[in-house]
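Enquirer: no sequence on this one, just coordinates:
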């Protein structure tokens, strides 16, 4: 398993993935520095910045970019019989799938950490003097990460299924765009997997819990859709003709 | 020559989902409003005195996003058709100029997007009539909301086509598409010169037609830049 992860990592190093990962803090900075609302909110000045940044980041950027990462991680295999070469090695398909997934989740975590830096920079540039709300920021950073678990699983499945970048991306877009409406609805928002990054990163949720959404929602919606997409992708990959 | 290239391009994009997406894009934009109005019609009708106007602006809140993502998808597929099988070499070794090869791809995509704008107008009108928003249908605004975003998005089409054609790794044009949609979603805060703001039809003068005209103008400029870059590049 360790060797598969290592070889995945070698393959990644030479791809352009680092540029794509660094779009995350750049988007964070862009959102934090341009989308300034007039501060009429009482309390900590970090909150407003966090709120405006997280909306666009979690609604659109995070779900879409994780799909791109998933496609990149399958790019070498789709070219010139890469699947054949990889699977001719003494590895099982299951392990390859898990390795790719694990690596992807690490990349997303890294991206979230860079976004954390961006949040800090925005506050520094704006000269915020209020105390940095460490617990809330961590909650949204890690919550956003957890919420991408099912999304990444589906995108990995789609990226293994389709050769082109555009096809898995289309699937991603079709599910992500309705999120903008879904989060407005108290009835559907909590049950829509693509709305979970927003729910998890949206500052001002229930502060008492570990994350901004209740445990039942986390386990059923995020956990349930994760199992569905992960097992679906895993089973598909077992049967995929290469 | 261009006509034959176009015929060839339309043959190549057959069964790649282009027509489906051309149809699905505008349908999706209107379908989101079907859900929106289906769930809370009474509330939405209370929001303004002019129900048609409000409905159109609701539809339009998704048009720029769908357009930009659609452009990213289209340009990436059309470039990938040649990349996938290393067909660029074969294509440019035919007795055709590289300029017309590029023009043909651009024209094919621009026509598909135009078709989806027409469909957007039809779907918007049909659902608006179904909602029974009032006797006076604002045809002028309907036309503006359906076609101005298309014209305003032409620079993005030129830019994305250029990036998609010169990138070996299609992750790059898709990523610029994602960035584009982030910009478009923040259009309200963007300065007027950012092309991703234009499809939202917002500008300092409050005249949507400015965005459409600027779009056509800069679209041509960026198209030429991309085309000359493509012509000068070695085909591997």
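Expert: That came through fine. Note that this is a predicted model, so its numbers are computed, not measured. Numbers count the residues shown, from 1 in each chain, chains lettered A, B, ... in the order given.
Enquirer: Phi, psi for the residue nearest the centre of chain A please.
Expert: For chain A, residue A:148 is the residue whose C-alpha lies nearest the centre (CA atoms, centre = their mean; 4.2 Å). Per-residue torsions, residue A:148: phi -80, psi -10 (degrees, to the nearest 10).
Enquirer: if I pick it, what's in contact with it?
Expert: A:62-63, A:66, A:105, A:108, A:197 (CB atoms under 8 Å, 6 or more residues apart in numbering or on different chains). (Each C-beta comes from the backbone N, C-alpha and C, glycine too.)
Enquirer: excluding its backbone neighbours, what's nearest residue B:183?
Expert: Leaving aside its chain neighbours, residue B:183 sits nearest to residue B:196 (3.6 Å; criterion: CB to CB, 6 or more residues apart in numbering or on different chains).
Enquirer: Contact partners for the one you found?
Expert: B:68, B:156, B:180, B:183-184, B:187, B:190.
Enquirer: Kindly report the same for residue B:28.
Expert: Residues near residue B:28 by CB under 8 Å, 6+ apart: A:174, A:177, B:62, B:66.
Enquirer: What's the local residue count around the last one?
Expert: Residue B:66 is surrounded by 23 other residues when neighbours are defined as other CB atoms under 10 Å in any protein chain shown.
Enquirer: Can you give me the neighbour number for residue B:128?
Expert: Using other CB under 10 Å, residue B:128 has 22 neighbouring residues.
Enquirer: ugh, wrong one, I meant residue B:39
Expert: Neighbour count for residue B:39, taken as other CB under 10 Å: 14.
Enquirer: measure it to residue B:2 for me?
Expert: 48 Å (CB to CB, to the nearest Å).
Enquirer: List phi and psi for residue B:95.
Expert: For residue B:95, the backbone dihedrals are phi -70, psi 60 (criterion: degrees, to the nearest 10).
Enquirer: what about the longest helix along chain A and chain B, any contact?
Expert: Secondary structure assigned by DSSP state H gives helix A:93-126 as the longest helix of chain A. No: using CB under 8 Å from any CB of the partner chain, helix A:93-126 never reaches chain B; the gap is at least 12.3 Å.
Enquirer: Now that helix: buried residues?
Expert: Residues A:93, A:96-101, A:103-105, A:107-108, A:111-112, A:114-116, A:118-120, A:122-123 are the ones in helix A:93-126 that count as buried (16 or more other CB atoms under 10 Å in any protein chain shown).
Enquirer: just stretch B:77-88 next, same as before
Expert: B:77-83, B:88.
Enquirer: what subset of these is also close to chain A?
Expert: B:77, B:80.
Enquirer: how about the residue of chain B found nearest chain A, phi and psi?
Expert: Closest approach between chain B and chain A, counting by CB to the nearest CB: residue B:170, at 3.9 Å. In terms of degrees, to the nearest 10, the main-chain angles of residue B:170 are phi -70, psi 0.
Enquirer: thought it was touching residue B:80?
Expert: Yes: at 5.8 Å, residue B:170 counts as touching residue B:80 under the criterion of CB atoms under 8 Å.
Enquirer: name the element residue A:65 belongs to?
Expert: Assessed by DSSP states H and E, residue A:65 sits inside helix A:62-73.
Enquirer: could you check the angle helix A:93-126 makes with that helix?
Expert: 130 degrees (axes from the mean of the first three to the mean of the last three CA atoms, to 10 degrees).
Enquirer: Check the offset of the next helix or strand after helix A:62-73 from the chain's centre.
Expert: Once the chain leaves helix A:62-73, the next helix or strand it forms, by DSSP H and E, is helix A:75-78. Distance of helix A:75-78 from the chain centroid (CA atoms, centre = their mean, to the nearest Å) equals 21 Å.
Enquirer: coming back round to it: out of the contacts of residue B:196, who's nearest residue B:224?
Expert: Nearest to residue B:224 among those is residue B:156, at 15.5 Å by CB to CB.
Enquirer: Point out the other helices and strands that the helix or strand containing residue A:167 packs with.
Expert: Taking DSSP H and E as the definition, one finds residue A:167 inside helix A:166-176. Packing partners of helix A:166-176 (3 or more CB pairs under 8 Å, 6 or more residues apart in numbering or on different chains; DSSP states H and E): helix A:62-73, helix A:134-161, helix B:18-46, helix B:63-84, helix B:171-185.
Enquirer: quick one: which of the ones you listed is nearest residue A:49?
Expert: Of all these, helix A:134-161 sits nearest to residue A:49, with 10.6 Å by CB to CB.
Enquirer: Compute the inter-axis angle for the closest one and helix A:93-126.
Expert: 140 degrees.
Enquirer: and the angle for helix A:134-161 with helix A:166-176?
Expert: Interaxial angle of helix A:134-161 relative to helix A:166-176 (the same axes, to 10 degrees): 140 degrees.
Enquirer: ok so, going back, taking the contacts of residue B:28 together, which two end up most distant?
Expert: Of all pairs drawn from the contacts of residue B:28, the one with the longest distance (CB to CB) is A:174 and B:62, at 12.5 Å.
Enquirer: show me what contacts residue 109?
Expert: In the absence of a named chain, this looks at chain A. Counting by CB under 8 Å, 6+ apart, residue A:109 has contacts residue A:145.
Enquirer: You answered for a different chain; I wanted chain B.
Expert: Contacts of residue B:109 (CB under 8 Å, 6+ apart): B:71, B:74-75, B:78, B:157, B:161.
Enquirer: Next: residue B:89.
Expert: By CB under 8 Å, 6+ apart, the neighbours of residue B:89 are B:235-236.
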